[in-house]
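# model this:
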Amino acid sequence: MVWAMRYAEVPSQLQLDVSSFQADAIARQGVHSVPGQLCNFNTVESFKNCDKTHILQREGARIWSDIISGAAEERPELLSRFVLLSHGDLKHYVFHYWFGFPALKPPAPIIAAAPRSLASALQEEAALVASACDEWLRPGQVSNAPFWLLAPPAGGESSWRALPLSAWQQLSSGTGGSAGAAGRVLLAASDPSNMPGVPGWPLRNLLLLVATRWHLEQVQVLCVRESRTGRVDPESSFLMEVQLPDIPEAWRSQSDAAGPEAVGWQANAQGKLLPKVMDLGPVMSPHQLAEQAVDLNLRLMRWRAAPSLDTARMSGTKCLLLGAGTLGCAVARTLLAWGVRHITFVDSSTVSFSNPVRQSLYSFNDCLNGGRPKAVAASEALEAIFPSVVSEGVELSIPMPGHPPVTEQQADIMRQELARLDALVSSHDAVFLLTDTRESRWLPAVLAAAHGKVAVTSAVGFDTFLVMRHGGPPPCDADGRSQDASHRLGCYFCNDVVAPVNSTRDRTLDQQCTVARPGLAPVAGALAVELLAAVVQHPQGVNAPPPSSDTNPDASPLGPVPHMIRGQLSGFSQVCMEGRAFSQCTACSAAVVQQYKEHGWDFIHSVIKSPAALEQLTGLAQLQEEAAARWAEDEDEEAQGVEKTGAVQKQEGEGSAGAPPGDEGGGGSGGDEDWTEL
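Sure thing, here's the model as predicted:
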């Protein structure tokens, strides 16, 4: 877009912004759209070494072709074509660019007489001419061309008329008005220059069109300039008589590839014909620089490897991390690398002296004076690493089966913590289960299923790890009964046939602490985040099918989404597995989820006091009784079989002792009957 000149202090600008790439850009008063070509180079070397003369000549040839064919009369903005060469160093925010405005060199110089202001040249008619120009420049007009014709009053009219360039043939032949009026027709140009009496660059190619297409030797040109109010100013606008050169006949042939030479590379601030350089790094906020740099890495992934990757979907995912230990720190750092902006930590412990070497978000100072709360320290560390992250640390103890409250006050605290945890799960998009004990993962698994959230579990042993995503919420009918869930994936507890209980009772120090190889947690944490990224990018989200049943593996830019990833460092191996949801699961079954939705704290309180309540609710108790009965039956059958075997062996021994030599195993049906019975 080119702005008409409004201020005497500065010239108008060629403005490029996001609207420049929209074909239906909204017209504005005093603004004209002109076509251009952007040539962006991937490296600064290719920018410097490109054939700039060829590029400018190519654009000049296009302008000349538009003049010869008459296209420029129908669309005058084609005369103001421009070209922009650019290279952007997006890591350091250094940009090289060079504008070229192709101006066709005429065969001889164009001579202009001394300019006169519109007010002094036309006197009484100046206001009428200015009014006609205002009408042409008014937004909403059919044409937004920067060049037009001004025809004097004809046939008893009192007003000047603004007409497109294509009307020249009618005016000159007398069909569009009186034949004598053509001699007073003015060629108008919206002038971006602020220098008194000196027109701007768009006029050059227009005059060559007039000389070539209309075969004129001279023409009156009105350079239109506006006042600060946005209306044509008769005092600053000026009129001048221009002598045009003769155009060689060979130039007029469309088939002739040789046309006028084009010049017009813009000079830099030092007046040299060299590219301009703009370094935005020093003037940008460091926080903005960090944010742009993080987003750049993600955009490069999309540009180079995964064009359909939706980076905004991942960065907009609100993540809740239950546990701020070794796994929590590893997960949080990887989430930052994915551009995630909202991370909340939940933990009830403090930083100890053994933590900083394994847990990357803590330092030695966090261990002093009894240790800082882990959730708060981790949240502050994330903000120090990446200031644009929205992070919060919540000190909260997760109510667990087998850990009942001793007093009414403790029960009330647990009830409040349940309400806080429920609100946190509800307000986040993804939940990471990263706590130390199995029972501490039970309530988060229930809440994730109840709210339909993405849940990812990561657990480590000495040299083994498990990373898995929980399946979607259980489908239930109006009565809360589980419907067909044959394709639903299981959760962390779907392989259990007993309820989670207190696993810390009567444990030695080595049993209470997570003893794992130091490199294991970063691997498991990174895989947990990558698993979330794959789920988020999949069209079905939390209900994404596993690879074995994914009928459209190319639906996600990150490929099929596994259910479980199990690995071990002893053999440096890794395998993807999957398991269906267990209808009697103690965490994600329809019975448990429905019971929580209906009774809330009362249900959780009963499970905390007696985990066996879960087994009764889900039918596991009955399953255990049936299994015990079957086991006892099998033991009885085995014992009876042993007794019968001994009796047979005894009978065979007696018969052999009294039998004649050579009659072993024969001589009647007694032996066959014994073996048949056995």
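
# select the longest strand from this protein.
Counting residues, the longest strand found in the chain (DSSP state E) is strand 94-104.

# I figured residue 87 hits residue 43, correct?
Yes - assessed by C-beta atoms under 8 Å, residue 87 is found in contact with residue 43 at 7.1 Å. Any C-beta I mention is one placed from the backbone N, CA and C, and that applies to glycine too.

# which of those two has more neighbours?
Shown here are residue 87 and residue 43; by other C-beta atoms under 10 Å, residue 87 has more neighbours (22 against 10).

# residues of the strand or helix carrying the more buried one that come out buried?
Using DSSP states H and E, residue 87 falls within strand 82-89. Judged by neighbour count using 16 or more other C-beta atoms under 10 Å, the buried positions of strand 82-89 are 82-88.

# now those in CSV, with pLDDT?
Formatted as CSV, these follow (pLDDT from 0 to 100):
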residue, pLDDT
82, 93
83, 95
84, 95
85, 96
86, 96
87, 96
88, 92
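
# which of the helices and strands in this protein ranks last by mean pLDDT?
helix 670-677 (a mean of 37; mean pLDDT, DSSP states H and E).

# doesn't residue 457 lie inside a strand?
Yes - counting by DSSP: H, G, I helix; E, B strand; the rest coil, residue 457 is part of a strand.

# show me what it is bridged to.
As for beta bridges, residue 457 partners with residue 433, residue 468 under DSSP bridges.

# OK, contacts around it?
Going by C-beta atoms under 8 Å, 6 or more residues apart in numbering, residue 457 touches 432-433, 441, 445, 466-470, 491-492, 528.

# next, format these as TSV and append pLDDT and distance to residue 164.
Below are the contacts of residue 457 laid out as TSV (pLDDT from 0 to 100; distance: C-beta to C-beta, whole Å):
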residue	pLDDT	distance to residue 164
432	98	65
433	97	70
441	96	74
445	97	72
466	96	74
467	97	68
468	97	69
469	97	64
470	96	67
491	95	71
492	95	73
528	97	65
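
# ok, of those, which one's closest to residue 623?
Residue 623 lies nearest to residue 491 out of these, by C-beta to C-beta, at 18.0 Å.

# now that closest one: how far from residue 565?
15 Å (C-beta to C-beta, to the nearest Å).

# more neighbours: which of the two?
Neighbour count, other C-beta under 10 Å: between residue 491 and residue 565, residue 491 has more, with 30 against 20.

# my guess is the more buried one contacts residue 586. True?
No - at 9.5 Å, residue 491 does not count as touching residue 586 under the criterion of C-beta under 8 Å.

# closest to residue 184 out of the buried residues of strand 82-89?
Residue 184 has its nearest neighbour among the buried residues of strand 82-89 in residue 82, at 32.9 Å by C-beta to C-beta.

# can you give me the distance of the closest one to residue 275?
For residue 82, the distance to residue 275 - C-beta to C-beta - is 15 Å.

# what do you get for residue 363?
Counting by C-beta to C-beta - residue 363 and residue 275 are separated by 46 Å.

# what touches both of residue 87 and residue 43?
Here residue 87 and residue 43 share no contacting residue, scored by C-beta under 8 Å, 6+ apart.

# for the stretch 551-678 of the chain, which segments count as strands?
Applying DSSP state E, counting those that start in this stretch to the stretch 551-678 of the chain gives strands spanning 564-568, 573-577.

# any chance of those strands in JSON lines, plus mean pLDDT and distance to residue 597?
JSON lines is the format used below for the strands of the stretch 551-678 of the chain (pLDDT from 0 to 100; distance: least, C-beta to C-beta, whole Å):
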{"stretch": "strand 564-568", "mean pLDDT": "95", "distance to residue 597": "27"}
{"stretch": "strand 573-577", "mean pLDDT": "94", "distance to residue 597": "30"}
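
# buried deepest among the ones you listed, which one?
Ranked by mean neighbour count under mean count of other C-beta atoms under 10 Å, the strands of the stretch 551-678 of the chain are led by strand 564-568, which reaches a mean of 18.

# just to revisit the earlier point, tell me the strands beside the strand holding residue 87, with direction?
strand 36-40 (parallel), strand 94-104 (antiparallel).

# quick check: mean pLDDT of the first one?
Regarding strand 36-40, the rounded mean pLDDT is 93.

# now the helices for the stretch 501-650 of the chain?
For the stretch 501-650 of the chain, the helices defined by DSSP state H, counting those that start in this stretch cover 509-512, 520-537, 590-599, 601-609, 612-618, 620-658.

# ok, which of these comes nearest residue 561?
Going by C-beta to C-beta, the one of the helices of the stretch 501-650 of the chain nearest residue 561 is helix 520-537, 4.5 Å.

# how distant is that closest one from the center of its chain?
Helix 520-537 has its average C-alpha position 18 Å from the chain's average C-alpha position, going by C-alpha atoms, centre = their mean, to the nearest Å.

# same thing with stretch 527-542?
Its chain's C-alpha centre and that of stretch 527-542 lie 14 Å apart, by C-alpha atoms, centre = their mean.

# tell me which residues of it are tucked away?
Quick answer for stretch 527-542 (16+ other C-beta under 10 Å): 527-538, 542.

# list the contacts of the strand holding residue 87.
14, 16, 34-44, 46-47, 50, 52, 55-56, 59, 94-102, 275.

# in PyMOL, select just the buried ones from these.
Remark: buried members of the contacts of strand 82-89, expressed as a PyMOL selection using 16+ other C-beta under 10 Å:
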select buried, resi 14+16+34+36+41+47+52+55+56+59+95+96+97+98+99+100+101+102+275
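
# just the helices from the stretch 301-450 of the chain, written as ranges.
311-315, 326-337, 374-385, 408-427, 442-451.

# distance between the ends of stretch 356-370?
When the termini of stretch 356-370 are compared using C-alpha to C-alpha, to the nearest Å, they are 14 Å apart.

# neighbouring contacts of it?
With contact meaning C-beta under 8 Å, 6+ apart, stretch 356-370 is reached by 324-326, 328-330, 332-333, 350-353, 355, 372, 374, 377-378, 381-382, 518, 521.

# these two touch, right, residue 536 and residue 312?
No - Residue 536 is not in contact with residue 312 according to C-beta under 8 Å; the separation is 10.6 Å.

# can you pull the contacts of residue 111?
242-243.

# give me the low-pLDDT residue ranges for the stretch 501-650 of the chain?
Residue ranges of the stretch 501-650 of the chain with pLDDT under 70: 506-514, 635-636, 639-650.
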